[in-house]
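Engineer: Just to be clear, the model below is a prediction. Sequence and coordinates:
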Amino acid sequence: MKKIDIHEKLVEMGFDISYPTVCNYIRENHERKEAFIRQEYNLGETLEFDWGEVKLTIAGKPTTLQMGLLTTAKSSYHYARLYQNQKMENFLDVHVRAFNNIGGVHRELVYDNLKQAVRKFVGRNEKEATEDLIKISLYYGFKYRFCNLARGNEKGHVEKGIEFVRRKAFSSRTDFDTVKEANAYLKEKLLELNSKKRNWLQNQSPIDILKQEMPYLIPLKPSYDASRRVEARVNKYSVVNIDQNKYSVPDYLVGKFVNVKVYPDTIEIYYKDNKVAEHKRSYQSHYWTVDINHFIHTLKKKPGALHSSVGRHQLSPKLQEIYQEYYINNPRDFIELLELIKEKNLKSVVEAIAELKKIKKELVTTDNIKNIIFKLPMDNTTSKTKDLSIQKASIKQIAILNEMFNLNPAGRYKN
């Protein structure tokens, strides 16, 4: 029963007793406040981790992000970063970034019972660590410890740190264009917080104490690969499905299995240990990220499929402009242009198009662009004059041919 229930029962039984009297009796005889043991930490000993939610407006849209926070037990030095979710790659990434930021590794890391750290419970109090936590701890050389159930106070520095950092960093500003911008802002705020002198640190700052910890830290190693590994099969559209989003691979891999490294910001795809594709990671749902160069072989066989393809719509704005102005009725020639860009670069193609357009727009074809590009000046100064003369001669020759055939705007011969 609650106190109010006990009071009502006593009155029902005929006792003349007030509710405060019941409360006082229970408090004095049956309630016992929990006692806490003050902790003292050695230099370089303990680092605590936890997740916390941060609600921001990103590009005008209300967004709930996850803030991974690592806090030193000795001085409450904070390192934090914002992520889209709490998946394993983000859990590993924030650790690697924190170690690099600190410049070394504390000998012990403390976690509560989050699923990225605890794979399963063994018995009443024993926990079995996840494979990824075991691997990163072996790589960096730290030990890990888990809190008891419902005992967040056992890592009280980071528990309080979540609320502290969130309030100090984002109480006055919540609107950002991108998550990247929000992380840059958070980094600035953390530097301010970590540099501020604290009374309980004998008028030193968390950074001052961290400097004292440096000789006691485990030496830093090259950054651990913080990716989540996935095996995926390439479907008939030459894409793999990762977290409900599609990412393209070269079309010769249709039907084959590939290995995917999932990072917080990128997706890397490997076939037989060779990297075959890399994409910016999407956090939308059912979104297609397509590199049109992965479909060159197929498009050569089916040029008519180019216009409405997802890959064509995801081209850079400049390539979209070139396609609309010069190639919309000649997809096969545009496919060859894409191969040329892959071999050389977009800048060279744009410069060649500008030279041809000076003479006549109808002269902008992939063959003419090639004719100019492969006669551009070399990097060394000795051949620069010669190569420029060849380029000018090529352009002049194209102009003469234009005059001879007297092309009209429709690209046909005049009678």
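Structural biologist: Great, that's in hand.
Engineer: distance between the ends of stretch 303-321?
Structural biologist: Stretch 303-321 has its terminal residues 19 Å apart, counting by Cα to Cα, to the nearest Å.
Engineer: Check what contacts it and list those residues.
Structural biologist: For stretch 303-321, contacts defined as Cβ atoms under 8 Å, 6 or more residues apart in numbering pick out 248, 288-292, 294-295, 298-299, 323, 328, 331-332, 334-335, 341, 346, 350. For glycine as for every other residue, the C-beta is placed from the backbone atoms N, C-alpha and C.
Engineer: dump the residue contacts of the residue sitting nearest the centre point of the chain.
Structural biologist: The residue lying closest to the centre of the chain (Cα atoms, centre = their mean) is D265, at 2.3 Å. Listed by Cβ under 8 Å, 6+ apart, the contact partners of D265 are K280, R281.
Engineer: If we use 6 Å, what do you get?
Structural biologist: Neighbouring residues of D265 by Cβ atoms under 6 Å, 6 or more residues apart in numbering: R281.
Engineer: any low-confidence regions in this structure?
Structural biologist: When residues are selected by pLDDT under 70, those of the chain lie in 32-40, 122-125, 148-159, 376-394, 396, 401-415.
Engineer: excluding its backbone neighbours, what's nearest D333?
Structural biologist: Once flanking residues are discounted, D333 sits nearest to T366: 4.9 Å by Cβ to Cβ, 6 or more residues apart in numbering.
Engineer: Buried only: go through the contacts of stretch 303-321 for me.
Structural biologist: For those, a burial check counting by 16 or more other Cβ atoms under 10 Å picks out 248, 288-292, 294-295, 298-299, 323, 331, 334-335, 341.
Engineer: Just the ones of these in helices?
Structural biologist: Judged by DSSP state H, these include T298, L299, P331, F334, I335, I341 as members of helices.
Engineer: Tabulate these (JSON lines), appending distance to I162.
Structural biologist: Formatted as JSON lines, these follow (distance: Cβ to Cβ, whole Å):
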{"residue": "T298", "distance to I162": "50"}
{"residue": "L299", "distance to I162": "50"}
{"residue": "P331", "distance to I162": "54"}
{"residue": "F334", "distance to I162": "52"}
{"residue": "I335", "distance to I162": "52"}
{"residue": "I341", "distance to I162": "48"}
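Engineer: any idea where the helices of the chain begin and end?
Structural biologist: For the chain, applying DSSP H gives helices covering 3-12, 19-29, 88-102, 131-140, 156-170, 179-195, 206-213, 296-301, 310-313, 317-322, 331-343, 346-359, 366-373, 384-405.
Engineer: Between those helices, which one is closest to V230.
Structural biologist: Each of those was scored for nearness to V230 using Cβ to Cβ, and the closest is helix 88-102 (10.1 Å).
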